[in-house]
Every structure is written in C-alpha cells, then in structure tokens.
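A.B. asks: curious how this folds, go ahead:
(2 chains)
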Protein chains: 2
Amino acid sequence: MENFRFLSPTQIIFGRNAEEQVGNEARKLGQKILLHYGGGSIIRTGLYDKVVKSLRAAGVDYIELGGVKPNPRLSLVQEGIELCRENKVDGILAVGGGSTIDSAKAIGIGVPYAGDVWDFYSGKRLPEETLPVGVVLTLAATGSEASNSSVITNEDGWFKLGLNSNLTRPVFAILNPELTFTLPPYQTASGAADIMAHVMERYFTPTKNVELTDRLCEGVLKTVINNLPLALAQPDDYNARAELMWAGTLAHNDLLSTGRVGDWASHKIEHELSALYDVPHGAGLAVVFPAWMKYVYRHDLDRFVQFAVRVWNVEPDFANPERTAREGIARLSRFFKENGLPTTLPELKIPADRLEEMANKATDYGKKILGQFVKLKTEDVLAIYKLAL
Amino acid sequence: MENFRFLSPTQIIFGRNAEEQVGNEARKLGQKILLHYGGGSIIRTGLYDKVVKSLRAAGVDYIELGGVKPNPRLSLVQEGIELCRENKVDGILAVGGGSTIDSAKAIGIGVPYAGDVWDFYSGKRLPEETLPVGVVLTLAATGSEASNSSVITNEDGWFKLGLNSNLTRPVFAILNPELTFTLPPYQTASGAADIMAHVMERYFTPTKNVELTDRLCEGVLKTVINNLPLALAQPDDYNARAELMWAGTLAHNDLLSTGRVGDWASHKIEHELSALYDVPHGAGLAVVFPAWMKYVYRHDLDRFVQFAVRVWNVEPDFANPERTAREGIARLSRFFKENGLPTTLPELKIPADRLEEMANKATDYGKKILGQFVKLKTEDVLAIYKLAL
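C.D. replies: A predicted model of the protein is given here:
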C-alpha cells in the first residue's frame, strides 16, 4: 500500500425530495450565487422551478447562467467568470450532471484568478482559491459532485483537459435518485459505464497489497452491474437508481484510490474521441476500456483473473488463467452491449481515418506516456484504437 | 434505502512516518494545544518523543495531560476541561487509541460548555461547540479517529455512555500502521473484533435494498478476516497492519451506514460488561456478538445466509438455509477463538451472578428497547448473556 492523504469533505444530502433543502444549503455559499445549469431538461422536469422556489424561500439572491453543453466549453466558463465578477457573486450552485458541475468548478476557480482560467487546465498553474460550489445532481455518472476533478474542452483546437485539485470539491451535493427517473436509457447506461470506468481506472493498479480497496472497488462494480439492468427495465425503480447514484459518487471521490496508484490511460484515450466527435464520455469509455484490457491483460494476469472471478463470477480455469482473464473482459463487453452501449468505434460512427491523429494528440505527439498499470506510447494507443474497430 | 446525510470531513494522513507531519497539522488546531495521551506505551515506543519534536519544530505551544485509561473516565475528562480553560487552550491533540481520542473529544465539547460535560452523554443536552481535535492513532480498533462518536465511563455508578455528534469528528487523523507493530497479540485481536463489530452493527439492518453498502461491509469484513491472522503471525507485517488500520477507520466513519439503519444492541450489551468488569471492548464484543446472532438469526434468515455465504464463503445449503446461517455464525466464533479471543463469559472471567443486573442496566430497567434489527427487552438481553455462558 502507498502512503496517502484523503479528504472528502462534501456534505452529502441523499434521498427523496432532497432538492427541497437546496435553499438552506445554498445560503451557506454566500450572499449572492450563480445558478448554473445546462439545457431544457431541468426546466421540462420541473426541477428548475423547485430549485428557484427553494432559493427564494430561503432568501438567497441569485443570477443565472444556463447553456452548459456535454463536454463543457471554455467559452461558457469565461462568460460565467465575467458574469460573477460583474455581479459580485460569491458562490455557485450547479444544477445538472457532470458537465454543469465541471463548468461550475472552472468558473469557481476562474473568478478570483487574474489570469486565464485555461492556465489551470493546461497545467501552467495550480488554483489557490475558489468560490464555493454546491450541487443538485441530475445524473449518476461523473462523480464530479464530490470529486476533486473537472474536465473542460477548449474549442480552440478541441483540447479536452482535466484538472485535479481538492479546492474544487463541492461544499455540498444534493442527490435525489428520483431526479434520474426521466433520463433516456442511453444516458443512463453511459452514466453507468462512466462509473465503472472510474472504478476500473483505480482497480488496475501497479500497487501491490491493496486488499481493502480492491474489495471496495469490486463491491461498487457489482452493484452497478446488478442495478443498471433494473434501472433500464423500470426507469422509476427508486432503489436501482439510488444504488447507481451513490455508486457514482463513491466511484470518484478518491476513497477507492486510497493507498494505490490509478491507471487513467483509458480516460485519456477516450478524451480524444469525445473531444473530436463529441460522443458521450461514458459511451466512449465502453468502447475504449475493453480494447485497452485486451491490449494489456497479460501484463498482470493475476489481477485480470481476480477481476474475472470476483467481479464477473467467472469460474477460474486454474490450468488456463489466460482463458479466465479473457472471459472477464468478454463479460464486461457483453454487459455493455446488453445494456445498449457501443463496444466498437463503428458503433459510435467514428471512422478509422483519424486514429493516428488521436493517438498523437493523446500522447501530446509522443511527449507523454499514458497510464501507470502499463505505460503506453503513441503506437500502443494507436493499437488500442485499432482493437476498438 | 433510507434518506441520509453523510459528512466525513476528517483529513486522513496515512502511511509510514506519517506522524512526522503532526507539528504542521497541529498548528492548524490553534495557538495552544493540549497534548492528551494514555500511559507509558507511547513513551516506551518513542512516539511521544517524535510527536514532541515535531510540535516544537513547528513552533506549536502545548500543555500535557496523560493518564487516559481504557474505558476512559469522566474524572480525567473533567480535569482536562479545567486544565484547558486555565491555560486558554484552543485545540486538542490525542495521541493513542480510541480511549484517548474519546477522552479528547469529551474535553473538546466540555471546554466551551458552562454545564457538566456528562449532560451530553446522559442525553440531557446536545453539544453546539467544540475545540478542534486532531489525532495520532496507535491502535486499529474503535474508528474514533474519524467517527462522530465517543464513549465515556462515569465512575459514579459505572455508567458507560456514548455520544454521537458530527461536531466531534476529528479535524485530522494521522495513521501510521508501523505504530501498531508493538501491540500485544490480544490487543491486536480485540481491535480487529471491534472493527468487525462496527461493521456488523451496520450490516444487520431492518432496511431493505442496501446492496452497495452491504457489499462495502462485506469487503471490510473479509479484509479484517484475512489480515488479522497475518498481523498476529508477523507483528511487523506492514501491509496487514495497514489493511487493519484503514479498515478500522472506514468501519466507523458512517460510510457503511449510509442509507441504512444500524442495530447497535450488541454494543449496548457489551458496554455493561466492560463498565462492570473493565474488559477490553473488542474482547467483550467477541463474546456478545455470536450470542446475539444465535438469538436473532431466525428473524431475517436471508440476511444471515448472505452473511455466511458472502463473508465466510459457506457453500449455501439451499434445502436448509438455517444450517447455512448457523455455519456463518459458527465460523465467526471459530475465527475469534483461533485468533486468541474469548467467545464465552467464563473465558472473560465474568461470573453468571450479575447477568440480571447487567440486563437491567442495559435497558435502563426496562425503560429502553435495544436494537433495530430485532427489538430487545430486558429478558431478551438476559437470554443473550446466558447464551454467552
């Protein structure tokens, strides 16, 4: 086990009607807040009205900025920063999924910073201050509601880059599984794939002697595997939605990486897909992860056998552990497919003609090595893209 | 799943030599701190010197109060409160195990309170303010280093009562598994039993649809089951000690009870043992828990079958689930026994002559019902004590 620091201070408020508490919580963010959201779905479902009512009842002064898109854009972040400065906003309430939360986090660190907020994402600077961010979550997926990470897309060159900083962990996160009842099946499944990917990035580690966190990872994965089909079969199954939602938060608040190094190559490899073709992050991960696994599993066969046996209930073939490992990967692919997700690039309608460009961008033209479980160069990334064809 | 709020803001600092960071962390507690500890063990092991050196290097002003005993006493808490007031102390550093931390928590809430600190434990008042508490942990057991709970024994009548308040969660907890290398085997095993009891109190719940937290509980239990024998066989096995230590914190920071009601009857039943006979809390739990299980398992057979199958790898007997459930309980008892723990009252040298008195005190002479998984009256508690003979 590696030495570690772990801090997860987000106040979780979980359950039916939890969004009714938003006014009281938002008041703690400051005198005047920015209400940040995406498109029409929170208006259609009535959530927008509920939030506004609760804010008003609690006497919270606010201004609004909607329009966050999936793979949230730097231009809107910059607009939000200006708006907050002009209106002397001192806290941000994100109502939505991971994109809205990530956009809110970026605005939060951008407001007190004199330079360009992209500096934090390009790795030039580390944020030292932020406006506090609160969340009402509408999608079980990115885990951004309690994580230290945010990902922003710069339209100038379509760079999609992430920042990790404990500063950006939300102050509170309101999680009502009922708010996810109306999600389309594809988005529900993509969210589940994102959750599983967050766990698997941590699970496939070079660190030895990590039994407790291995078992916690396996528990989260099995819970998602059991509950995604239930949520798809019956979208208003509260318990299935609740399991997915809490799994989504725990998958990415770093509990599961305490004492272990994560891999994170698959996320980088997927980022190039969604930056270039704007596919849902989770669906992209459902394509990339099995391909990555096929490329690397021989590197630590024991770990992939454990994954197959403990997560996928594969009966171990002691005479042929490779077969056991491959069966685990096959079951992951089959699970994605059975739940309506793509598992190949053609299913995402991504052609084969820009794979080299993506592999090059992923490694910053050979300057960066991806991953920790296995270290990948540009040609390895290209081979993984090809395995996904 | 039940609605819930979850907050676990303790900064965890985990790993080899982590105690060297104590000065820098303690400085954040305040201008002047109380260094609170137990007996000679931290002096013998050299930990005391290391802590003092780090405090001095960081320029932290401190006063000292040692002498905390297992099942920490109200009298010392009151002495600590006076000492802090006289010296205008504004933070407390607990160096030790659960007793020292609980004592520090009680002092912390006692200092700003004008009345008697016992009011908080007797249930008369809720604390509204506290001095911040930091921890250097020397024992994997109570989970007090990140929990909201503390238990204090009032020598006047030997009442042992607990308080739950988020206010008392430590600000930071320094966890170095190496500090547990020198623990005697019996204390190591008692600590592990305490950890398992914290999980099992949460696991045996009346709440339905709690898959994720079930699986997290099972993961923590399996980790303790696998690593306690390793730590006993080789006391300086860093990895085994690390698994136990992190398991101990996660067992009791309330993550495992998110969305579910816990039972907690066994803790109450055990408190009477340790209040009257001053036995180690964990050893008392090793006696009480199997007896409690034998008394209640038919109440929710499915849950006990799940416990047997998933935690103890019992092959399910589908024709006779009772047999499966009983085998799970038997394996728990056997595990305690094999690791040097008592599983009966006589092994704790507790005679049968005061069982009725203890049963009466546990239920406050029939005024209180114990437990949530099954509701227990005085006669049930007595029956459980008798099953432990």
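
A.B. asks: can you count the residues close to A:T142?
C.D. replies: 26 (other Cβ atoms under 10 Å in any protein chain shown). All C-beta spots, glycine's among them, are computed from the backbone N, C-alpha and C.

A.B. asks: same question for the one 10 residues further on.
C.D. replies: If you count neighbours by other Cβ under 10 Å, A:I152 ends up with 24.

A.B. asks: same deal with A:Q78?
C.D. replies: Burial measure for A:Q78: 16 neighbouring residues, criterion other Cβ under 10 Å.

A.B. asks: quick check: closest non-adjacent residue to it.
C.D. replies: Once its chain neighbours are removed from consideration, A:Q78 has its nearest residue in A:V117; the separation is 6.9 Å (Cβ to Cβ, 6 or more residues apart in numbering or on different chains).

A.B. asks: A:H281 versus the one you found, what's the distance?
C.D. replies: Here the distance between A:V117 and A:H281 works out to 21 Å (Cβ to Cβ, to the nearest Å).

A.B. asks: tell me which parts of the stretch 101-250 of chain A are close to chain B?
C.D. replies: The stretch 101-250 of chain A has residues A:209, A:211-212, A:215-216, A:218-220, A:222-223, A:226-227, A:238-239, A:242-243, A:246-247, A:250 near chain B, with proximity defined as Cβ under 8 Å from any Cβ of the partner chain.

A.B. asks: tell me which of those residues fall in helices.
C.D. replies: A:211-212, A:215-216, A:218-220, A:222-223, A:226-227, A:238-239, A:242-243, A:246-247, A:250 (DSSP state H).

A.B. asks: can you turn the buried part of these into a ChimeraX selection?
C.D. replies: For the buried members of those, the matching ChimeraX selection, counting by 16 or more other Cβ atoms under 10 Å in any protein chain shown, is:
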select /A:211,212,215,216,218,219,220,222,223,227,238,239,242,243,246,247,250
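
A.B. asks: what about A:Y48, distance to chain B?
C.D. replies: The gap separating A:Y48 from chain B is 22 Å, by Cβ to the nearest Cβ, to the nearest Å.

A.B. asks: how about the contacts made by that residue?
C.D. replies: Applying Cβ atoms under 8 Å, 6 or more residues apart in numbering or on different chains to A:Y48 gives the contacts A:37, A:42, A:95.

A.B. asks: please apply the same query to A:L244.
C.D. replies: For A:L244, the residues meeting the contact criterion (Cβ under 8 Å, 6+ apart) are A:140, A:177, A:180, A:188, A:191-192, A:195, A:223-224, A:227-228, A:231.

A.B. asks: do you know how far the closest residue to A:E218 other than its chain neighbours is from chain B?
C.D. replies: In space, not counting the residues next to it along the chain, A:E218 is nearest to A:R310; the distance is 4.9 Å by Cβ to Cβ, 6+ apart. Distance, A:R310 to chain B, by Cβ to the nearest Cβ: 10 Å.

A.B. asks: same deal with A:V381?
C.D. replies: As judged by Cβ to the nearest Cβ, A:V381 and chain B stand 33 Å apart.

A.B. asks: tell me the phi and psi of the residue nearest to A:Q78?
C.D. replies: Note on A:V117: its backbone torsions stand at phi -60, psi -20 [degrees, to the nearest 10].

A.B. asks: count the neighbours of it for me.
C.D. replies: As a burial measure, the neighbour count of A:V117 was computed by other Cβ under 10 Å and equals 22.

A.B. asks: ok, the residue of chain A most remote from its centre to B:R85 distance?
C.D. replies: Each residue of chain A has a distance to the centre, and by Cα atoms, centre = their mean the biggest one is for A:A319: 37.9 Å. When distances are taken as Cβ to Cβ, A:A319 and B:R85 turn out to be 71 Å apart.

A.B. asks: can you pull up the most central residue in chain A?
C.D. replies: For chain A, the residue nearest the mean C-alpha position is A:T142 (2.5 Å; Cα atoms, centre = their mean).

A.B. asks: pretty sure that one is in a strand, no?
C.D. replies: No. Counting by DSSP: H, G, I helix; E, B strand; the rest coil, A:T142 is not found in a strand; it is coil.
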